[in-house]
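Novice: Here is my input; please provide its structure:
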Amino acid sequence: YIKETAFENIFRFDFSSYFEGSLEDIFENFEQNKFWEIKPNLSHEKFDEEKAKEYAKQYYELLEDAVRIRLRADVKVGSALSGGLDSSSIVYLVNKLLKEQDKEELQETFSSVYKSDGTQECDESYFIDIMALKLGVHSNQIEPKEDEIPSQIEKMIWHLENPPDNSLMSSWHTFKLVASTDVKVTLDGQGADEQLGGYLPYLLNYISSLSIVDMFSQAKKCLQIPNSSKYVFVGLCLGIYRVLFGEKFLKFTIKNIFKRDFETNLNKKLGIDTMGSLITLIHYADHTSMAFSIESRMPFMDYRLVEFLASVPACYKMRDGWTKYLARLAFDGKLPDEINWRKDKMGWPIPENYWFRGNLKEWFIKQIKSSKLVDRYNIDIEEQLEVTQRLNKPLNEAYNRYDSIGYREHTAEEEKQAEKEYERCKAEYE
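Specialist: Residues are numbered from 1 along each chain as shown. Predicted coordinates for the structure are as follows:
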């Protein structure tokens, strides 16, 4: 999130802020006042099992009430379902509340899936189907058509008015699917990852902040998370450096060598992202949903829940090799174990590599070549694509072998070899 936009002299108004003044003040003395901000718990509290259960209970009750409030509507309400923990939690609660209100109609869920050859690495229909079967909801699914992607991207850009950092085709088609029904409002799972530590890079902040004993024990358990080894190793290095030289010198070193800020406190980093990168994602969701006249409501952004999660010590958000530990504890026994205790994190993936290095390659190159920015820096986009396309196939194959190994009986050595091969292909690709 930044104040600047793609339009000259057009800036975003700060969130959770207000302006009070005359018409003349807008042009001569414009000053925004912030009326609310996150106050994260920066303590290094030790994990306590009884407190974890109490926090999980409070989390569940707050989220349920946030969902209940957002179900108020005089039009039909549905839910976007990706197959992950967050959207599944929302779908579960919507289902529970509808039954309590004696609503007989099935809940409608909406999902983008990728079942075609070459795109399956982005497909989460296995988990979507588990949830639909468990709850008895009506699962609406759509698979983007490759030949329609160029026109859909152009429409998406027109509605966003600012260029996103990916094609947004999963969310775009999900809301396109919603618009084909009589549902006008959806409850969606946006916002949990930034508040509960759901992304792999947060392992850097978590591991590097621990005591030397906890650092190694938790790092070992975090290695159970798919694709985590790089973050675990770097987190360990940063943590050891912090123990030896102090936190201030660690931040000073990173700032001077890598030209970036780094937070060893997980909760502080989550607070920064909630008030930063999450705002960008909310803008994406708002624009892509309203492009189809659909209202997207986000229970995880209920201010009571946001304030509560900011107050929860970091040790309850990452624990024993589990991201979003608090949320998993809250929904244990409610959601299927395959979803609640799912190790991998996909997050609405899009098969852009397959599209733009395959049948849409010429269209993609034409769009990039027409860019004045590419022309200014004399970038050979075709040469770049040839190299990445050559390395992309073995990377996808290695990923599929590693990802699928958890769904069959296997030895620890087989899993270790699959991960090693995937990491090798990934490093070569990068």
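Novice: all strands for the stretch 201-350 of the chain, in order.
Specialist: Using DSSP state E, counting those that start in this stretch, the strands found in the stretch 201-350 of the chain span residues 295-297.
Novice: Show me the helices in it, by range?
Specialist: Along the stretch 201-350 of the chain, counting by DSSP state H, counting those that start in this stretch, helices occupy 202-208, 212-222, 229-245, 247-258, 266-274, 277-290, 303-311, 325-330, 337-340.
Novice: Tell me which of those helices is the most buried.
Specialist: Per-stretch averages of neighbours, counted by mean count of other Cβ atoms under 10 Å, single out helix 202-208 among those, with a mean of 26. For every residue, glycine as well, the C-beta is placed using N, CA and C.
Novice: That one - what's its average pLDDT?
Specialist: In this model, helix 202-208 has a mean pLDDT of 96.
Novice: Make CSV from the helices of the stretch 201-350 of the chain and add distance to G78 to it.
Specialist: Below are the helices of the stretch 201-350 of the chain laid out as CSV (distance: least, Cβ to Cβ, whole Å):
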stretch, distance to G78
helix 202-208, 30
helix 212-222, 36
helix 229-245, 35
helix 247-258, 44
helix 266-274, 26
helix 277-290, 12
helix 303-311, 21
helix 325-330, 22
helix 337-340, 19
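Novice: Please work out the average pLDDT along stretch 143-159.
Specialist: What stretch 143-159 shows for mean pLDDT is 95.
Novice: Residues in contact with it: which ones?
Specialist: Contact with stretch 143-159 is made by 112-116, 163-164, 167-170, 172-173, 287-288, 290-291, 355, 359-360, 363, as judged by Cβ atoms under 8 Å, 6 or more residues apart in numbering.
Novice: for that stretch, which positions count as buried?
Specialist: For stretch 143-159, the neighbour count (16 or more other Cβ atoms under 10 Å) marks E143, P144, E146, I149, Q152, I153, M156 as buried.
Novice: element containing the second one?
Specialist: P144 is part of no helix or strand, with elements assigned from DSSP states H and E.
Novice: give me phi/psi at it?
Specialist: The phi/psi pair for P144 (degrees, to the nearest 10) reads phi -60, psi 140.
Novice: What's the separation between it and P226?
Specialist: Look at P144 and P226: by Cβ to Cβ, to the nearest Å, they are 25 Å apart.
Novice: go on, the fifth one?
Specialist: When Cβ to Cβ is the yardstick, Q152 and P226 sit 30 Å from each other.
Novice: do the first one as well
Specialist: Taking Cβ to Cβ as the measure, E143 and P226 are separated by 24 Å.
Novice: The third one too?
Specialist: With distances taken as Cβ to Cβ, E146 is found 27 Å from P226.
Novice: With respect to V374, which of the buried residues of stretch 143-159 is nearest?
Specialist: For these, the minimum distance to V374 (Cβ to Cβ) is 17.2 Å, reached by I153.
Novice: Please, which helix or strand holds the closest one?
Specialist: Applying DSSP H and E, one finds I153 within helix 149-160.
Novice: I'm done for today, thanks for sticking with me.
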